[in-house]
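*Asks:* Structure for this input, please:
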Amino acid sequence: MEQQRYDVVIVGGGAAGLSGALALGRARRSVLVIDAGEPRNAPASHVHNYLGRESTPPGELLAIGRGEAAGYGAEIVEGRVASAERLPGSGEGEQGFRVVTEDGRSVEARRLLVTTGLVDELPPVPGLAERWGREVLHCPYCHGHEVSDRPIGVLATGPLAVHQALMWRQWSDDVTLFLHTGPEPTEEEYEQLAARGVAVVDGEVAGLEVADDRFTGVTLASGRVVPREALVVQARFTARSAVLESLGLKPVAQEMGGAVIGSYIPTDPTGATEVPGVWAAGNVTRLTEQVIGAAAAGLMAASAVNGDLIAEDTRLAVAARRA
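*Replies:* Okay, the predicted model is just below:
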C-alpha cells in the first residue's frame, strides 16, 4: 500500500470491486483495492451473458479489469481484510475508517466499498464439490447453453427442486429429478413434470460417477447408477459479510419460493448500507446477481460514493472559508 489514507478503500477485487475502482479512478479519487484472490466463479471455464466479453475466462476478465482500473490510478494489492472500524471522531466533519488486514497491515479511508461476494455452500454429497463449476451447476443462464441437449440431473434438497427441473427442461428434453432429500412433489407438480417429460427418481443420492475426469452419472444409495452428463444443485448462497459485520451490520436471510436460499447484507438501490460512509455491491448484497450485474452495481455504488465525497468536500470547504 503506497499511502496511509485513501479516498476509498474497496474490499474485494471481483467484477463489482474493479468496476467501482475504475469509476472512482476516472473521478480522480485515490483508490485502494484489497483482494483476497478467491473469486466465486474461479471453477468456471468461461463468463457468459457479459455483453462484449461473452465466453471470456473468469481470470482473463479480472486481469483486464485490473489493468483498466490501474490505468486510472487505482492501486490493487493482495490481502485479506480482517476488520474495519470507524475512526474516532469521524462522525463530525470528515468521515473516516481504518481497515486492518489479517497480516497486520492497516490503512485509512474516507469511504468504504465492500464487494466481497458470497460462498456457495453445496449439499453434502460425496464428489459434488470436486465437479462444481464443471458438470455440477446451479444457474441455467450461466451454464445451460453449454449442456444443451445432454442428459441433465436435478438434485432435490428443498422446495425449489421442481422449479429447477422445469427451468432446465428449456435446455434439454432429457431431464431427471432426483428426489434425494427434497420434499415429495405435489400432485400438480407431478403432473407438470410428466407433461414436460421430466423423469422422477426416488431415493437418496450417494455419490457421483466419474470416468476419465468426466462426470458420467449419479449413484443412488441402492447402488443403481443413472447416467447423466450434468447435475444441477441448489447451493446455499452465504454472503462473505465478516468485514461488514465488524462495522455492526448483520446479514439477513433471503427467501425464494418459501425457501431460504442464503444470506445477504441489505443496502439501498445505490449500495449504501445502514452505516454512513459504507457501501456494498455485488453478490454480498444481491445473491443472484450475475457478473455483468455485479459490475453494474459496482459502478452505481462508486457513483454514489463519489457524490457523497463531493458533498463532504464542499461542506469542509465552506467551513474553512468561514473560519
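*Asks:* element containing Glu60?
*Replies:* helix 58-71 (DSSP states H and E).
*Asks:* after that helix comes which helix or strand?
*Replies:* Helix 58-71 is succeeded, C-terminally, by strand 75-78 (DSSP H and E).
*Asks:* Tell me which strands that following strand pairs with, and in which orientation.
*Replies:* strand 31-35 (parallel) (DSSP bridges).
*Asks:* relative to helix 58-71, how tilted is the strand it pairs with?
*Replies:* In terms of direction (axes from the mean of the first three to the mean of the last three Cα atoms, to 10 degrees), strand 31-35 departs from helix 58-71 by 160 degrees.
*Asks:* 323 is where my numbering starts, stick with that
*Replies:* Sure, I'll start counting at 323 from here, so that last one is strand 353-357.
*Asks:* residues in contact with strand 353-357?
*Replies:* 323, 328-336, 339-340, 343, 346-347, 391, 395-403, 421, 423, 429, 431 (Cβ atoms under 8 Å, 6 or more residues apart in numbering). Just so you know, the C-beta spots here come from the backbone N, C-alpha and C atoms, and that holds for glycine as well.
*Asks:* where exactly do the strands run in the stretch 423-572 of the chain?
*Replies:* 428-436, 440-443, 458-459, 474-477, 497-500, 521-523, 527-533, 536-542, 547-549, 552-554, 558-561 (DSSP state E, counting those that start in this stretch).
*Asks:* and the residue most central in space within the chain, how far is that from Val429?
*Replies:* Residue closest to the average C-alpha location in the chain (Cα atoms, centre = their mean): Asn605, at 3.4 Å. Here Asn605 is placed at a distance of 24 Å from Val429 (Cβ to Cβ, to the nearest Å).
*Asks:* same question, Ala404
*Replies:* Distance from Ala404 to Val429, by Cβ to Cβ: 12 Å.
*Asks:* Then Leu373?
*Replies:* 35 Å.
*Asks:* and the longest helix anywhere in the chain, how far out from the chain's middle?
*Replies:* Longest helix in the chain, counting residues (DSSP state H): helix 613-644. Computed by Cα atoms, centre = their mean, to the nearest Å, the chain-centroid distance of helix 613-644 equals 24 Å.
*Asks:* All good on my end, thank you.
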